[in-house]
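K.L.:
return atomic coordinates for the entry below.
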Amino acid sequence: MSLIERFYEPDSGCILVDNEADRPAALVREDIAWVQQEPVLFYGTIRFNVSLGARPKPRAGGANNDENSWVEDPDWERYVTEEDIIEACKAANIHDTIVGLPNGYDTLVGAKGSQLSGGQRARLAFARALLRKPRLLLLDESTAALDAESEQIFERTVDKIRKDGKTTIIAIAHRIRTIQNADRILFFSKGQISASGKHAELMAVNNDYRAMVLHQQLPV
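P.N.:
Below is the predicted model:
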């Protein structure tokens, strides 16, 4: 994930985004939203934390391909509407929880989101990612802290985004149901890609993949 985000450069080969390897890192990141296993939240309101997903304001007169054509402004809320925030929170299945709080979207999340449960933090981070309407959505074990109901809603939302065709999704997951509808699954074994294909194809040809799927389907 860090290589895709251009935090590091590959030792060999290259990573192409829109068939380009030398696109400025700042512009690459503008089209990316990343939902990590451990959500990062900041001291402030729920509204503030979700609004951080909004794209920065374009610099007046800046060229679209100029790495310096975007500026960050501390007043992020100026660049996103309340309706946008609510829409993202509804899609992430966190809106009803928020409006049930005494201060609603003005509720303080505490340091690192300490006033929220793990599942609530995860859904809030997902809402922040959806607010950006990214072209590339990175999901790093994003359902690890979700309960069964929220995980199912998360899966339906991700599947809808995938079918819309406007966003490419790259997901790291140990739970098969999270990625079983993916157009392509890369199955890793001992640090190497041991198989690649759709879920049904891997079930038919790869014993290790099939064994993992069957194990996860067993009742606990």
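
K.L.:
since we're on Ala127, how many residues are nearby?
P.N.:
Neighbour count of Ala127, defined by other Cβ atoms under 10 Å: 26. Using the backbone N, CA and C atoms, a C-beta is placed for each residue, glycine as well.

K.L.:
ok, now Gly191?
P.N.:
Using other Cβ under 10 Å: Gly191 sits among 6 other residues.

K.L.:
contact partners for it?
P.N.:
For Gly191, no contacting residues are found, by Cβ atoms under 8 Å, 6 or more residues apart in numbering.

K.L.:
let me know the pLDDT of it.
P.N.:
Among the per-residue scores, Gly191 holds a pLDDT of 85.

K.L.:
so Ile15 sits against Ile4, correct?
P.N.:
Yes - if you go by Cβ atoms under 8 Å, Ile15 and Ile4 touch, sitting 6.4 Å apart.

K.L.:
so which elements touch the longest helix along the chain?
P.N.:
In the chain, with assignment by DSSP state H, the single longest helix is helix 148-164. Under the contact definition 3 or more Cβ pairs under 8 Å, 6 or more residues apart in numbering; DSSP states H and E, helix 148-164 sits against helix 118-131, strand 136-140, strand 168-172, helix 176-179.

K.L.:
what mean pLDDT does that helix get?
P.N.:
Per-residue pLDDT values across helix 148-164 average out to 81.

K.L.:
what sits up against it?
P.N.:
So helix 148-164 is contacted by 91-93, 119, 122-123, 126, 130, 137, 139, 142-143, 146, 167, 169, 171, 175, 177-178, 181-183 (Cβ under 8 Å, 6+ apart).

K.L.:
which of Ile15 and Ile4 has more neighbours?
P.N.:
Ile4 (16 against 13).

K.L.:
which residues touch that one?
P.N.:
Residues near Ile4 by Cβ under 8 Å, 6+ apart: Ile15, Ile32, Leu136, Leu138, Ile170.

K.L.:
neighbours of Leu146, just the number please.
P.N.:
Other residues close to Leu146 by other Cβ under 10 Å number 22.

K.L.:
ignore what I typed, I meant Leu138.
P.N.:
Leu138: 21 neighbours (other Cβ under 10 Å).

K.L.:
my guess is it meets Gln37, correct?
P.N.:
No - counting by Cβ under 8 Å, Leu138 stays clear of Gln37, with 11.4 Å between them.

K.L.:
so who does the spatially closest residue to Gly104 that is not a sequence neighbour touch?
P.N.:
Nearest residue to Gly104, sequence neighbours excluded (Cβ to Cβ, 6 or more residues apart in numbering): Ile98, at 5.9 Å. Going by Cβ under 8 Å, 6+ apart, Ile98 touches Ile46, Cys89, Gly104, Tyr105, Thr107.

K.L.:
look up how far Val40 lies from Ile98.
P.N.:
18 Å (Cβ to Cβ, to the nearest Å).

K.L.:
next: Ser12.
P.N.:
In terms of Cβ to Cβ, Ser12 sits 30 Å off from Val40.

K.L.:
give the residue from those two that has the larger number of neighbours.
P.N.:
Val40 (13 against 4).

K.L.:
excluding its backbone neighbours, what's nearest the more buried one?
P.N.:
Ala125 (7.3 Å).

K.L.:
got it, and Trp34?
P.N.:
The spatial neighbour of Trp34 that comes closest, neighbours along the chain excluded (Cβ to Cβ, 6+ apart), is Leu138 at 4.3 Å.

K.L.:
partner residues bridging that neighbour?
P.N.:
Counting by DSSP bridges, Leu138 forms beta bridges with Trp34, Ile170.
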